[in-house]
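J.: Mind looking at a prediction? Sequence and model below.
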Amino acid sequence: MARLTLSEIWIYPIKSFAGIRISKARVKQKGLEFDRRLMLVDEANRFITQREHPIMARFRLYMEAGKLTVESLLDDSHASIAINLEPRANQPTFKVTIWDDEVEAMELNPTYSDWFSTQLKMKCRLVCFPENNVRDVDPAYVENKAQVSLADGYPFLIIGQSSLDNLNSKLVNQIEMNRFRPNFVFTGGKPHEEDTWKTFSIGSNRFRGVKLCARCVLTTVNPQTGIKGHEPLATLATYRKQGSKILFGQNLVAINYEEVSEGDEIVL
């Protein structure tokens, strides 16, 4: 059997914004450290994503020494803002809505909210989801009250490079893995073999596969231009559709909480 190797690790500090590739990451119950602990909400305190606002793809994120920098590519000025990820002391919490979940969050800093409001030309707030706040994973798929951050539903997502290579062999215009926003990418193995994984390890950390990932229109947003198209969903629908859902990648929960690094071996 070919060696399975963790080839890429990605975090998405602000929900629905671009990811950051990192060489190693600390595994936490809600997901990788810093992954989707922040998101934008509208005036009704409902989450904002690229599904309705594909222009959100036109930002780049960088992280250094625990601080996040967001750069706008919406015009030639390349305006940017440095974000301190530590919430200010004694900040009040309030309820925000993400899909059907209502959770307690807090505004990270009004200055950050104003910057995003200006860039996106709509009133919004940047909120953070403290590590000790509760958001349960769907109990229909996961027992033991597993937790998740502000990701759509699960704390981790893994996709094999061969799965993307197989898709690209069917596309006229090839796409990159960032369309699918995984946390873990691996090399080795057959296309979509991650579908069958139950309990496995990445380095010293154990994970459990719980559900194939149903893909949405966000995958059709070009990460470079912020423009929606029809692919890859149109092609995936020809061979990866089950019922009404198009599946690509496997959602995971962690069994223990260590650290993972690029180059770690995956053992089934």
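T.: Noted; the coordinates are in hand.

J.: surely Arg37 meets Pro155?
T.: No - applying CB atoms under 8 Å, one finds Arg37 not in contact with Pro155, separated by 11.5 Å. (Glycine included, C-beta is placed from N, CA and C.)

J.: Name the residues contacting each of these two.
T.: By the contact definition CB atoms under 8 Å, 6 or more residues apart in numbering, Arg37 and Pro155 are jointly contacted by 30, 149.

J.: For the residue lying closest to Ile81 once chain neighbours are set aside, the count of nearby residues, please.
T.: Excluding the flanking residues, the one nearest Ile81 by CB to CB, 6 or more residues apart in numbering is Trp115, at 4.8 Å. Neighbour count of Trp115, defined by other CB atoms under 10 Å: 18.

J.: Can you classify Trp115 as helix, strand or coil?
T.: helix (DSSP: H, G, I helix; E, B strand; the rest coil).

J.: do you know how far it is from Ser80?
T.: For Trp115, the distance to Ser80 equals 9 Å [CB to CB, to the nearest Å].

J.: Can you tell me the element the closest residue in space to Ile55 that isn't next to it in sequence falls in?
T.: Nearest non-adjacent residue to Ile55, counting by CB to CB, 6+ apart: Gly226, 5.0 Å away. Under the criterion of DSSP states H and E, Gly226 resides outside all helices and strands.

J.: Tell me who's in contact with Gly226.
T.: By CB under 8 Å, 6+ apart, the contact set of Gly226 is 50, 54-58.

J.: again, only this time at 7 Å
T.: By CB atoms under 7 Å, 6 or more residues apart in numbering, the contact set of Gly226 is 54-55, 57-58.

J.: Assumed Phe34 was part of a strand.
T.: No - using three-state DSSP, the assignment for Phe34 is coil, not a strand.

J.: number of nearby residues for it?
T.: Applying other CB under 10 Å, we find 21 residues neighbouring Phe34.

J.: Retrieve the pLDDT associated with it.
T.: With respect to pLDDT, Phe34 has a value of 96.

J.: now it: how far from Ser113?
T.: Distance, Phe34 to Ser113, by CB to CB: 19 Å.

J.: can you check Val137 too?
T.: Counting by CB to CB - Val137 and Ser113 are separated by 28 Å.

J.: The closest residue to Phe184 other than its chain neighbours: what secondary structure?
T.: Distances taken as CB to CB, 6+ apart place Ile158 nearest to Phe184, at 4.2 Å, with adjacent residues excluded. Following three-state DSSP, the label given to Ile158 is strand.

J.: cool, Thr235 as well?
T.: Once three-state DSSP is applied, Thr235 turns out helix.
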